[in-house]
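[1] make a model of this:
(one chain, ligands or ions: 2)
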Amino acid sequence: MTVKTQILSLAGAALLGAGLVLGSKYLAILKKRKAIRVMITGAAGQIGYALAPQVATGAMFGSDQPIILHLLDVEPAKNALEGLRMELVDGAYPLLQGVFTFTDVAAASKDVDVAVMVGGYPRKAGEERKDVMSKNVSIYKSQASALAENASKDVKVVVVANPANTNALILAENAPSIPRENITCLTRLDHNRALGQISERTTTHVSAVKNVIIWGNHSSTQYPDVNHGSVVGKPIRSVVSDDAWLNGEFITTVQQRGAAIIKARGLSSALSAANAVCNHVRDWVRGTPAGTWVSMGVVSDGSYGVQPGLVYSYPVVCSGGKWRVVQGLPIDDASKERMRTTEAELVEERDLALQCLAEKSGAAQ
Ligand SMILES: NC(=O)C1=CN([C@@H]2O[C@H](COP(=O)(O)OP(=O)(O)OC[C@H]3O[C@@H](n4cnc5c(N)ncnc54)[C@H](O)[C@@H]3O)[C@@H](O)[C@H]2O)C=CC1
Ligand SMILES: O=C([O-])CC(=O)C(=O)O
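    Ligands and ions are numbered 1, 2, ... in the order given. Sure, this is the predicted structure:
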C-alpha cells in the first residue's frame, strides 16, 4: 500500500468512524426518547395506506421521534391490515418501534397519544359528504367511549372520516372525559388546497403563501377566505389583483376539490389527505411557525359568533401542544354571510346526526 492510499484509507476509516459515531448517537437518542403511540382507524383503507408510511418516516413528529403504530380496521379487512403491517416491517423504518394490528377499538386505543380517526365509508361520485352520515356517525358514537376509557389521558384526536366536523362533534359528546380541546377534525386539506390554488395563480412557491383561512364545515359550504392572507408578505388580494376570481372560481374550486378528485381518480383524495393529517398533528404538537396560522376544525367556544359546541374550522395558532383561535380579525359583510351559511349547515348536520343515532337506538330496542 502506498503512503497516499494509506492516508486515503485512514481518512476513509475516520469518516466511517465519525459516521458510525453520529449514527450510533442518533440511534441512542431514538432509544432514549419515549415512543409516541399513534392509532390509525380505517388503516386498511386508502388513506391508511398513504398515512402509515408518512408517520413512520417522521412527517408527523420529526425525524428524531420514535413511533409505535396501532392500526385498526374491521374484521373483514383483517388480511389487508396484516399486509400493511408486513409492508411497514419491510420498510425497515428507523423510527418505527412497533406496528400492531387490531379489529377491536378498545384494544387498539390502549395508551395511544394520538388518534387519527379515518375509519368509515367514503362518499361516491354524486354524493355530498353528509350522505354518508348515517353509517359514519354511529361508528363515532360507538368508538368514543372506547377511546376515552383506554387512550392516554391527554390523547389528541383528529377526525378525518366524513362528515368530519359532525363525526368529531358526536365523538366529543360521547367521550366527555377527553378534554374538548383535544378533539379536532381535519380541514387542513382544504387549507392546503387554498394555498395551492393561490400559489398556482400567482406562480409563487406555495411556501410563500400564508394565512388563508377555512371557516366552517369540511363540505361544499366551507368558506375559503383570503382576506387576511399574504403572498411573499403582500396581501393576496393585491398580488392576485382579480377579485372576481378570488370571490368566485377560487372559492368554488376549493369547495369542490374533493369532488373533482373523486371524478378524476374514481376514488377520494388519499395522499393529500394523509399529508394534511401529518401537517395538522405536527403543527398542533410542535407549534405553528411564527407569524403563521393554520385551519383546524375545533369545538367552538363562540368565537366569531359561532354557536358554542359546534365543530367549526377556524384559523388557529399552536404552541406547547395547544391551539388557540386567532381572535380579532376584521370580517366584512360578505364573509359574515358565508360564515353563517356554513355554520347553518353544521347545525343541520348535527340535528340530522342526532336524529340518525336516536332512530338507530330506537330500532335496536
Ligand atoms: N377530512 C378530509 O379532509 C378527508 C376525509 N376523507 C374521508 O376519510 C374517510 C376514509 O377515506 P378512505 O381511506 O378513502 O376510505 P376507504 O374506504 O379506503 O377506507 C376506510 C376504511 O375504514 C374502515 N372502517 C369502516 N368502518 C370501520 C370501523 N367501525 N372501525 C375501523 N375501521 C372501519 C373500512 O374497512 C376501510 O378499510 C372517508 O370517510 C372519506 O370521506 C377523505 C379525504 C379527505
Ligand atoms: O370529498 C370527499 O368525499 C373526500 C374529502 O373529504 C375530500 O377530498 O376533501
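[2] contact partners of the helix or strand hosting residue 296?
    Using DSSP states H and E, residue 296 sits within strand 294-299. Strand 294-299 has contacts (Cβ atoms under 8 Å, 6 or more residues apart in numbering) with 159, 164-165, 168-169, 172, 180-181, 183-188, 190-191, 212-214, 218, 279-280, 283-284, 288, 309-318, 323, 325. For the C-beta atoms, the positions are set from N, CA and C on the backbone; glycine is no exception.
[3] now do the SS call for residue 111.
    coil (DSSP: H, G, I helix; E, B strand; the rest coil).
[4] surely it is in contact with residue 151?
    Yes. Between residue 111 and residue 151 there is a contact at 7.0 Å, judged by Cβ atoms under 8 Å.
[5] the two - which one has more neighbours?
    Higher neighbour count among residue 111 and residue 151: residue 151, with 27 against 13, using other Cβ atoms under 10 Å.
[6] residue contacts, the more buried one?
    39, 109, 110, 111, 112, 113, 115, 178.
[7] can you get me a residue count around the closest residue to ligand 2 within the stretch 1-150 of the chain?
    The nearest approach of the stretch 1-150 of the chain to ligand 2 comes at residue 123, 4.3 Å away (Cβ to the nearest ligand atom). Residues lying near residue 123 (other Cβ under 10 Å) number 18.
[8] same check, this time on residue 205
    Other residues close to residue 205 by other Cβ under 10 Å number 10.
[9] where does residue 148 land in three-state SS?
    helix.
[10] make 56 the starting number, not 1.
    Yes, from this point I'll number from 56; that puts the last item at residue 203.
[11] so it makes contact with residue 228?
    No. Assessed by Cβ under 8 Å, residue 203 is found out of contact with residue 228, at 11.3 Å.
[12] residues from the stretch 56-205 of the chain in reach of ligand 2?
    With Cβ under 6 Å from any ligand atom as the criterion, the stretch 56-205 of the chain meets ligand 2 at residues 177, 178, 184.
[13] can you pull the contacts of the second one?
    Contact analysis of residue 178 by Cβ under 8 Å, 6+ apart lists 184, 186, 187, 217, 317, 323.
[14] now the strands for the stretch 56-205 of the chain?
    91-96, 122-127, 151-157, 169-172 (DSSP state E, counting those that start in this stretch).
[15] buried stuff in the last one?
    Residues 169, 170, 171, 172 are the ones in strand 169-172 that count as buried (16 or more other Cβ atoms under 10 Å).
[16] surely the last one touches residue 216?
    It stands for residue 172. Yes. Look at residue 172 against residue 216 with Cβ under 8 Å: they come within range, at 6.1 Å.
[17] list the residues that are in contact with both of the two.
    96, 97, 195, 222.
[18] and the gap between the first one and residue 327?
    Counting by Cβ to Cβ, to the nearest Å, the gap from residue 96 to residue 327 is 19 Å.
[19] between the two, who's got more neighbours?
    residue 96 (29 against 18).
[20] list the contacts of the residue lying closest to residue 390 once chain neighbours are set aside.
    Excluding the flanking residues, the one nearest residue 390 by Cβ to Cβ, 6 or more residues apart in numbering is residue 280, at 5.9 Å. Neighbouring residues of residue 280 by Cβ under 8 Å, 6+ apart: 267, 268, 269, 270, 390, 393.
[21] confirm the last one sits in a helix?
    Yes. Using three-state DSSP, the assignment for residue 393 is a helix.
[22] beta-bridge partners for the residue nearest to it when sequence neighbours are not counted, please?
    Spatial nearest neighbour of residue 393, excluding adjacent residues (Cβ to Cβ, 6+ apart): residue 278 at 3.9 Å. Here residue 278 sits in beta bridges with residue 270, as judged by DSSP bridges.
[23] contact partners for residue 278?
    268, 269, 270, 271, 306, 390, 393, 394, 396, 397.
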